[in-house]
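Student: below are the sequence and a predicted model for it; my questions follow.
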Amino acid sequence: MEIKSKLKYIIKQVLVLLLVLAAIEWWQGRNIYRDPLPDLTSFTVIGNDTSNSDSLYLLYIWAPWCGVCRMSASNLSTINTLGIPVKSLALAWETEQEVRDFATNHHLPSLVILGNEELLAKLKVSAFPTYLLIKSDGSVVKGWQGYTTVLGLIIRYYTFKVLTA
């Protein structure tokens, strides 16, 4: 009987934790850009798009001065090697060289788009890093902000890949 009550207690605690995490996820994503992605082909691009983004890809929005971006950038290289297509968009930068240095030093996947202040405002980016899951038609499926682990990126990507298939 005691094992059963301990198990019940653990299950309740896990459910409360999941509820709290879901509430945090909702709160962080409440103001995320939801409209179709603007055309990014007119912006300067560093590198080549080697991702196969036929159905869904991750757009990583960052700034070279962002400390959290420095910590999370290596996660993108990891998930990209696992087959998750990643593109990155640099915003709030001063020189193209600082963007190149950041991308090189932090092993970002090969495509880096150089955005501007107008795009920053249009995408309603209020914090860095910001992540957007984008379908091939440009529609935003999911967005969130802040540090995300490799496991968190993988879970979000495959969850929404299945949900949008």
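Tutor: Done, it's in. Numbers count the residues shown, from 1 in each chain.
Student: which helix or strand in the protein has the lowest average pLDDT?
Tutor: strand 44-46 (a mean of 84; mean pLDDT, DSSP states H and E).
Student: just how off-centre is the following helix or strand past it within its chain?
Tutor: Scanning forward in sequence from strand 44-46 by DSSP states H and E, the next helix or strand is strand 56-62. Centre-to-centre, strand 56-62 and its host chain are 5 Å apart (CA atoms, centre = their mean, to the nearest Å).
Student: again with stretch 82-91
Tutor: 8 Å.
Student: who touches it?
Tutor: By CB atoms under 8 Å, 6 or more residues apart in numbering, the list of residues contacting stretch 82-91 from outside reads 40, 49, 51-53, 56-64, 76, 79-80, 99, 102-103, 108-109, 111-116, 119-120, 123, 125, 128, 153-154, 157. (Glycine included, C-beta is placed from N, CA and C.)
Student: again, 7 Å this time
Tutor: Under the contact criterion CB atoms under 7 Å, 6 or more residues apart in numbering, stretch 82-91 has outside partners 49, 51-53, 57-64, 76, 79-80, 99, 108-109, 111-115, 119-120, 125, 157.
Student: coming back round to it: show me what the least confident helix or strand of the chain is packed against.
Tutor: Judged by 3 or more CB pairs under 7 Å, 6 or more residues apart in numbering; DSSP states H and E, strand 44-46 is in contact with helix 96-105, strand 112-114.
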